[in-house]
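Enquirer: I would like the atomic coordinates for the input below:
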Amino acid sequence: MSECRILVVEDDRSLAALLQEELELEDYTVRVEHTCRDGIAACQSWNPALIISDLRLPDREGMELLRFARSEEEPPLFLLITAFGTVDQAVEALKAGADEFLTKPLSMEHLLLMTRRLLAQRALHQEVSAYRAGAARSHFHGLLGDSEVMHQLFSQIRQVAQGDLPVLVLGESGVGKELVARAIHNESPRADHPFIPVNCAGIPPDLMESEFFGHSRGAFTGADRARPGLFREAHGGTLLLDEIAEMPLQLQAKLLRALQEGRVKAVGSDREEAVNVRIIAATHRDLRQRVASGEFREDLYYRLETLALQVPPLRERDNDLEQLAMHFTEQSAARNGRAGLRLDDSAMEILVRYPFPGNIRELANTIERAVTFCNGDRILPEHLPQRVREASEQRADVSQAGVLQQMVGDIQDPEQLPTLESVQQIYVDYILNRVSGNKRQAAKILGINRRTLYRWLAPEEPGN
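Expert: As a prediction, this is how the structure comes out:
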């Protein structure tokens, strides 16, 4: 793995051997060359993440190797060392693109600390770049996701957006139904006209008709002036009726008539007015069950469900959680003046295991809380809510116990029990299958680094 590869270019063979030994103890893959020419060749063919080079080499100056490395499409980090260090040389090396400059005699502890820091910064930069590139590909009118189910949803949104029929958006609480409705509006020919969301559960039943259809002056006590109502305010655009299952039956009948005739009558008025509004309804309720219980009109249900979109819960969205968690972390950190704050792998592992019954909304609130309680530059497990940590641990215990039971079954003879190596391989395969082959996520769940995982998967292939 190139992110762990370090190229050492040092003509002092004893120092080169020492550097190699110390770096390999840190679990880095190390290659040693002794001349600038061989260092350039290794840089071209081996793709190191970091070059540690002496300034004085037998054939050429180490600065030449630095200039070559900087010219690469994805230049490696560069740490220059010399026994002849001066301020002028340090300034020249840094201007030429060196990341750090050390003088001999080397402090091995200092060098290793610097190496870890440089590679950690590189990993963070790559992670952020990959996230931003992925986010750019998977952003869709405020919706974020790169899973197959989300791309299917994006395609359905594009299709239904071109018509004028009502749309019914279904999904659990917190999945982003309003964002889906906005995406439909923004993809439609109505995009330049109003988008008005209204929560049916938040309007008192006795005021709902007036809110939707308007009222004339004096229509009822307190109506000191006329109001147009939401239908006329949304004329030419889209009206989102969120939580439509909470709408009273009497108003459901008037809504159905407005949908069928395209006309509304304000409370206290004798005159109907034509309106051009597309209706999008949303709910987390089972409307068929409500129809069966008499709480929702069957004719209105069939009018709405002609174009029904199901928004998937977070647990069914493959690997979208990591991308969403990083997105919310970046957003929250920016709002709180905490640029550079990131999720530690240990915290991400907990989030990946947690089922998030509250879906996207719960994830966003969890990250907001973690940012608030985090004082350092990384969000750690202790910054996450206790209920999230405990539920995540329980799921891990249950999952591992279940897999272990599958492995050993009802074997009674201890001599026939599987070896540690075979159990390990079975469990690794199980985890990879659960995360759809995502090795980064699998390594987090297994509690190992990706290099170790690659080695387990391909023990005969050096460098994996």
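Enquirer: which residue ranges form the strands in the stretch 151-300 of the chain?
Expert: Using DSSP state E, counting those that start in this stretch, the strands of the stretch 151-300 of the chain run over residues 167-170, 195-199, 238-242, 263-265, 272-274, 278-283.
Enquirer: For Thr372, which of those is the nearest?
Expert: strand 195-199 (26.9 Å; CB to CB). (Each C-beta comes from the backbone N, C-alpha and C, glycine too.)
Enquirer: Now do the closest one against strand 238-242: the angle between them, please.
Expert: Interaxial angle, strand 195-199 versus strand 238-242 (axes from the mean of the first three to the mean of the last three CA atoms, to 10 degrees): 20 degrees.
Enquirer: got any ranges where the stretch 101-250 of the chain has weak pLDDT?
Expert: Scanning the stretch 101-250 of the chain for pLDDT under 70 picks out 127-138, 218-219, 221-223.
Enquirer: Where does pLDDT dip in the stretch 351-464 of the chain?
Expert: Checking the stretch 351-464 of the chain against pLDDT under 70 turns up 395-412, 436, 450-451, 458-464.
Enquirer: 50 - rerun?
Expert: When residues are selected by pLDDT under 50, those of the stretch 351-464 of the chain lie in 459-464.
Enquirer: Would you map the strands across it?
Expert: Going by DSSP E, counting those that start in this stretch, the stretch 351-464 of the chain shows strands at 378-379.
Enquirer: Would you mind telling me which of the strands of the stretch 151-300 of the chain is nearest Ala443?
Expert: Using CB to CB, those put strand 167-170 closest to Ala443, at 35.6 Å.
Enquirer: CA atoms only: put the closest one into PDB for me.
Expert: Taking Å, rounded to 0.1, in the frame of the first residue of the first chain, the C-alpha atoms of strand 167-170 are listed here in PDB:
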ATOM      1  CA  VAL A 167     -46.300  12.600  -5.700                       C
ATOM      2  CA  LEU A 168     -46.400  10.600  -2.500                       C
ATOM      3  CA  VAL A 169     -43.000  10.500  -0.600                       C
ATOM      4  CA  LEU A 170     -42.800   7.700   1.900                       C
END
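Enquirer: ok, it: who's next to it in the sheet?
Expert: strand 278-283 (parallel), strand 308-310 (parallel) (DSSP bridges).
Enquirer: Who are the packing partners of whichever helix or strand comes after the shortest one?
Expert: Per DSSP states H and E, strand 308-310 leads on to helix 320-335 as the next helix or strand towards the C-terminus. On a contact count with 3 or more CB pairs under 8 Å, 6 or more residues apart in numbering; DSSP states H and E, helix 320-335 meets helix 108-138, strand 143-144, strand 342-343, helix 345-353, helix 359-373.
Enquirer: Please work out which of these is packed deepest.
Expert: strand 342-343 (a mean of 23; mean count of other CB atoms under 10 Å).
Enquirer: For that one, the averaged confidence score.
Expert: On average, the pLDDT along strand 342-343 is 90.
Enquirer: Need the contact partners of that strand.
Expert: 124, 127-128, 325-326, 329, 351, 377-379 (CB atoms under 8 Å, 6 or more residues apart in numbering).
Enquirer: Tell me which stretches of the stretch 1-150 of the chain form strands.
Expert: 5-9, 29-33, 50-54, 77-82, 100-103, 139-140, 143-144.
Enquirer: Distance to Ala69 added to these, as a markdown table?
Expert: What follows is the strands of the stretch 1-150 of the chain, written out as a markdown table (distance: least, CB to CB, whole Å):
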| stretch | distance to Ala69 |
| --- | --- |
| strand 5-9 | 9 |
| strand 29-33 | 13 |
| strand 50-54 | 6 |
| strand 77-82 | 6 |
| strand 100-103 | 14 |
| strand 139-140 | 34 |
| strand 143-144 | 36 |
